[in-house]
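> Give the three-dimensional model of this entry:
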Amino acid sequence: MSSILIIDDEPGIRLTLASILEDEKYKVYTSEDALSGIETLKREVIDLVFLDVLLPKLGGIEALERLRKEWPSLEVVMISGHANIDMAVRAVKLGAFDFLEKPLSLDKVLTVCRNAFAIKKLREENKTLKKISSIASEDVIGTSAETRNIREIIKQAADSDARILITGENGAGKEVIARAIHQCSLRADNPFVDVNCAAIPESLIESELFGHEKGAFTDAVNSRRGRFEIAHGGTLFLDEIGDMSLSAQAKVLRVIQEQKIERLGGEKSIETDVRIIAATNQDLEKACEEGRFRRDLFFRLNVIPIHVAPLRERPEDIPMLLCHFMKTLKKELTIGNDALELLCSHEWPGNVRELKNLAERIAVMHQGDSISADELEKLLNKKSKKEQNNVNENAKASLPEDIFCLNYNEARDSFEKHYLEIQLSRNNGIITRTAEAIGIYPSNLHAKLRKYRLSGP
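As a prediction, this is how the structure comes out:
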């Protein structure tokens, strides 16, 4: 509902105008002088002001100057029974939307209101569109068809509160897209809260999301707000939602349906207003079939799907991304054609995250302002074909000969164990580097190493 403030020292004018505007379903406030009107503006959200020229304490023209300075987006309509052309021209030059003479015409008042709100809406939409174009261009970088399509979806979906599910490999840029959507939305001035569902132990995920009351469990020495409460009015980004437990999934589904949460150990329902953006590197439809993910929650989250292609499938984005990272690192770098070809032919198992790491490596370890393919190959840690063949042969040799005689789960575990052994060897036993190379989180890799009783050299 649009709100209007009437500032006039004549009670009859205030009453008549307020009655007319309230009949048109506007929310109306009234003040008898400019100073009390300014106090109302400080307390309430006002869209349009009718301001009399002749007022006690602070004149209408002086009040107009102050309003335009302190509330530049506010539309102001001047009214006067003693107007002249010079006064009207001065008011318009100071930023008044229009100037009406008393006695006020009902048709003119309503027409001015409609016009003022239409212009205000157009200005806000134009401002939002500029903001969306700027953010989408700055954050979602690349010239590929896939990246252009994602920018278009961001522009179309940003202003709505529709839930979004972003899918793609680790390191492909899912969180960057989620943040771009938030920054382009009407919620941009409110919190963006991210939760990595894979990094939080199953026993703590519900407390993390919904909060808890004092004494809810052994270590709950104080009450604590959950991420849903912290994100109120803004966006909640549920990263790696495919790793969320079924019990937590059920509670998230309930929050989506009811727009309310309950803290662990609490009895009071707390209303929550958040936009949910979820992301995963898993095939959630397959997870639904296997009973690992709730199908009803999948359909609730998958209102607007966005798939982020891996970097190897959009090599035309690589030069622009690398230039962006080098600029962020304040490093001047000229990349030759042979070096570009090498970059575009690389597999990028770590996707954009791996490319960003390469940029940081160049900034620290490369002294010149240009780089060749040979220099780049060393920084990429690319193995020669002979070394690669040896690794592949070793991998084959380490698999048991009777792998095809095993059942599915045993064969999968056998392969995964030997795969991890080879990857650890390739990366000198460094867990974080291995996790980045194969595209999983270090915490997930640690769990797998414990499962197979593996460790680095």
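> Quick check: next helix or strand after the helix or strand bottoming out on mean pLDDT in the chain?
Within the chain, no helix or strand scores below helix 385-398, which has a mean of 50 by mean pLDDT, DSSP states H and E. Sequence order places helix 408-426 as the next helix or strand after helix 385-398, per DSSP states H and E.
> Please spell out which residues along that following helix are buried.
By 16 or more other C-beta atoms under 10 Å, the buried positions in helix 408-426 come out as 411, 414-415, 417-418, 420-421, 423-424, 426. No exception for glycine: its C-beta is placed from N, CA and C like everyone else's.
> roughly how far apart are the residue lying closest to residue 92 once chain neighbours are set aside and residue 419?
Using C-beta to C-beta, 6 or more residues apart in numbering and skipping the chain neighbours, the partner closest in space to residue 92 is residue 99 (6.6 Å). Using C-beta to C-beta, to the nearest Å, one obtains 77 Å as the distance from residue 99 to residue 419.
> coming back round to it: export the buried residues of helix 408-426 to JSON lines and tack on distance to residue 437 and pLDDT?
Formatted as JSON lines, the buried residues of helix 408-426 follow (distance: C-beta to C-beta, whole Å; pLDDT from 0 to 100):
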{"residue": "411", "distance to residue 437": "23", "pLDDT": "81"}
{"residue": "414", "distance to residue 437": "21", "pLDDT": "84"}
{"residue": "415", "distance to residue 437": "17", "pLDDT": "86"}
{"residue": "417", "distance to residue 437": "17", "pLDDT": "87"}
{"residue": "418", "distance to residue 437": "16", "pLDDT": "85"}
{"residue": "420", "distance to residue 437": "11", "pLDDT": "88"}
{"residue": "421", "distance to residue 437": "14", "pLDDT": "86"}
{"residue": "423", "distance to residue 437": "6", "pLDDT": "86"}
{"residue": "424", "distance to residue 437": "10", "pLDDT": "85"}
{"residue": "426", "distance to residue 437": "7", "pLDDT": "80"}
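> what's the spacing between stretch 433-446 and its chain's center?
For stretch 433-446, the separation from the chain centroid amounts to 25 Å (computed by C-alpha atoms, centre = their mean, to the nearest Å).
> about what we covered before: neighbours of the residue nearest to residue 92, how many?
Applying other C-beta atoms under 10 Å, we find 19 residues neighbouring residue 99.
> residues contacting residue 333?
323, 326, 362, 366, 369-371 (C-beta atoms under 8 Å, 6 or more residues apart in numbering).
> who wins for most neighbours among the residues you listed?
Busiest of the contacts of residue 333 [other C-beta under 10 Å] is residue 362, holding 21 neighbours.
> can you give me the offset of stretch 173-183 from its chain's centre?
For stretch 173-183 - counting by C-alpha atoms, centre = their mean - the centre lies 4 Å from the chain centre.
> Model confidence score at residue 184, please.
pLDDT recorded at residue 184 is 86.
> For it, which non-adjacent residue is spatially closest?
residue 158 (3.6 Å).
> from memory the one you found sits against residue 187, does it?
No: between residue 158 and residue 187 there is no contact under C-beta atoms under 8 Å: 9.4 Å.
> Compare the two and say which one has the larger neighbour count.
The neighbour count for residue 158 versus residue 187, taken as other C-beta under 10 Å, is higher for residue 158 (24 against 21).
> Backbone dihedrals for that one, please?
Here is the backbone geometry of residue 158 (degrees, to the nearest 10): phi -60, psi -40.
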